[in-house]
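>>> below is the structure, and that's it, no one-letter string:
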DNA sequence: TGCGATTTTGCACAGTGTGCATAAATCTCC
DNA sequence: GGAGATTTATGCACACTGTGCAAAATCGCA
């Protein structure tokens, strides 16, 4: 087992085993009904090992991708420079979030679990926060603005990611069977719709 | 009935004492550098009593107002029925958040502390979540829509509260010395500005 | 095979959070 | 003003969380 099972691979496998166990057990018995000990046992590692991979039960269930914020940042900067930022945001988020939802059954379970357990919700919020920060930085760069002083980058990112959040939620709810991208398009359309008065107000001054 | 609701007032006083102690200690020594024991001692109660008032250190530092979501809900429904919801949201949030920032020195310290301690951030996110839910419900009622199936309420609330979040952050940063209401107005103006392409796109179809 | 580096694990320990029983304070009513 | 009911504060026991440290197992490589 020369280059194949190098240490990296094994670490990833362990990480995944712990995450899978955490998700499964929390899905079945709830956050408070699941102990680190139980997760470790199902993952086949010692309890102490859990803490080498995750800082909490919530993190183990969520298992955020550390590359995700940087990936979004890059994707946003790779859009055509003359494209409006809102449109860029819509495209990038639609595509990149969409990719994560290909295993739709798992994605739905995940979403439902998060909804069921309030503590997971705030762990997810921390991820959103990190993602939005990355997007704000990219938008500011695209617009040539200082994100510390100018409101624009923060505001547009908040609106765009909010629209996606809502779309994703509705997608997972299953009320609407359209593909995710369509729901994002509709969310942005509704956003334009409902903010039209604001644009008008601004125009008539 | 000795004084007036001695019991109630005493409970409030205790709650406040614990909150004050928690804020002060965490401000000075950080979240991990502050124990429940220390907070309780400074507040003049037994450690066990802490848990009758707050479910965690974070909650004690934040000390959210349980009335807040309902108050926003009500305020939104009390706006003129023919006013555009975005405008209603702007007015209500501007006014009601503004009220909480009158003690500006304390508000800034609070904001800075939250920013410094990532764990506080996710506790605050839980509050935002609750608030947004209340707003979504009110908006849906105003528009006569079902918030479960229609994207509009969620989307407009996300955009509006996002704008306020950004305005509040800039306000606390101190880069911009204008009053909070002005910053909210600007945030909404920038929102209209940056989303104009989206509105145009929608109009030309 | 065996050496060096990395990962896993056990152990100890400080801190978190809850249930339960009792003491203390407050309220009600006479 | 005081007895009894109700609410709040506290002490204690206990299970779980999270971290530091050092020994042991494992792996990559010569």
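That came through fine. Note that the structure is a prediction, hence the values are computed from the model and not measured. Numbers count the residues shown, from 1 in each chain, chains lettered A, B, ... in the order given.
>>> quick one: low-confidence residue ranges for chain A.
A:1-4 (pLDDT under 70).
>>> what's near enough to touch residue A:120?
A:26, A:31, A:58, A:61, A:62, A:113, A:114 (Cβ atoms under 8 Å, 6 or more residues apart in numbering or on different chains). C-betas here are computed from N, CA, C, even on glycine.
>>> could you do residue A:148 as well?
Residue A:148 touches B:173, B:175, counting by Cβ under 8 Å, 6+ apart.
>>> just want the most central residue of chain A.
Nearest residue to the geometric centre of chain A (Cα atoms, centre = their mean): residue A:128, 6.0 Å.
>>> how close does that residue sit to DNA strand D?
Distance, residue A:128 to DNA strand D, using Cβ to the nearest atom of the strand, to the nearest Å: 20 Å.
>>> SS state for that residue?
Three-state assignment for residue A:128 (DSSP: H, G, I helix; E, B strand; the rest coil): helix.
>>> quick one: it from residue A:168, how far?
11 Å (Cβ to Cβ, to the nearest Å).
>>> what's the answer for residue A:85, then?
Residue A:85 sits at a distance of 21 Å from residue A:168 (criterion: Cβ to Cβ).
>>> same check on residue A:91?
Using Cβ to Cβ, one obtains 16 Å as the distance from residue A:91 to residue A:168.
>>> residue A:74 too?
Distance check for residue A:74 against residue A:168: by Cβ to Cβ, it reads 21 Å.
>>> those two - which one has more neighbours?
Between residue A:74 and residue A:168, counting by other Cβ atoms under 10 Å in any protein chain shown, residue A:168 is the more crowded of the two (21 against 13).
>>> is any part of the helix or strand encompassing that one close to chain B?
Element membership for residue A:168 (DSSP states H and E) is helix A:152-173. Yes. Using Cβ under 8 Å from any Cβ of the partner chain, a contact is recorded between helix A:152-173 and chain B, made by A:152, A:154-159, A:161-163, A:165-167, A:169-170, A:173.
>>> now that helix: buried residues?
Residues of helix A:152-173 classed as buried under the neighbour-count rule (16 or more other Cβ atoms under 10 Å in any protein chain shown) are A:152-172.
>>> of those, list those near DNA strand C.
By Cβ under 7 Å from any atom of the strand, no member of these lies near DNA strand C.
>>> so residue A:26 makes contact with residue A:62?
No. In this structure, residue A:26 is not within contact of residue A:62 by Cβ atoms under 8 Å, at 10.3 Å.
>>> these two - which one has more neighbours?
Neighbours were counted for residue A:26 and for residue A:62 using other Cβ under 10 Å; residue A:26 has more, 24 against 21.
>>> so what's residue A:199 up against?
By Cβ under 8 Å, 6+ apart, the contact set of residue A:199 is B:192, B:195, B:196, B:199.
>>> which residue, neighbours along the chain excluded, lies closest to it?
Distances taken as Cβ to Cβ, 6 or more residues apart in numbering or on different chains put residue B:192 closest to residue A:199, at 4.6 Å, once the chain neighbours are dropped.
>>> please identify the helix or strand for that neighbour.
Using DSSP H and E, residue B:192 falls within helix B:180-203.
>>> that helix versus helix A:180-203: what angle between them?
Interaxial angle of helix B:180-203 relative to helix A:180-203 (axes from the mean of the first three to the mean of the last three Cα atoms, to 10 degrees): 120 degrees.
>>> just want the angle from helix B:180-203 to helix B:152-173.
Here helix B:180-203 runs at an angle of 140 degrees relative to helix B:152-173 (the same axes, to 10 degrees).
>>> may I have the distance across stretch A:31-51, first residue to last?
This stretch, stretch A:31-51, spans 17 Å end to end (Cα to Cα, to the nearest Å).
>>> would it count as contacting DNA strand C?
Yes. On the criterion Cβ under 7 Å from any atom of the strand, stretch A:31-51 is in touch with DNA strand C at A:45, A:46, A:47, A:48, A:49.
>>> and residue A:158, how far from residue A:135?
9 Å.
>>> swap in residue A:117?
Distance, residue A:117 to residue A:135, by Cβ to Cβ: 26 Å.
>>> more neighbours, those two?
For residue A:117 versus residue A:135, the count of surrounding residues by other Cβ under 10 Å is larger for residue A:135: 26 against 19.
>>> chain A: strands as residue ranges?
Secondary structure of chain A by DSSP state E: no strands are present.
>>> what's the local residue count around the residue lying closest to residue A:147 once chain neighbours are set aside?
Sequence neighbours aside, residue A:140 is the residue nearest to residue A:147 in space, at 3.8 Å (criterion: Cβ to Cβ, 6+ apart). When neighbours are defined as other Cβ under 10 Å, residue A:140 has 20 of them.
>>> quick check, residue A:140 in contact with residue A:146.
Yes. Counting by Cβ under 8 Å, residue A:140 does reach residue A:146; the two are 6.7 Å apart.
>>> check contacts around the closest residue in space to residue A:49 that isn't next to it in sequence.
Closest residue in space to residue A:49, ignoring its immediate chain neighbours: residue A:40 at 6.6 Å, by Cβ to Cβ, 6+ apart. When contacts are counted by Cβ under 8 Å, 6+ apart, residue A:40 touches A:18, A:21, A:46, A:47, A:49, A:50.
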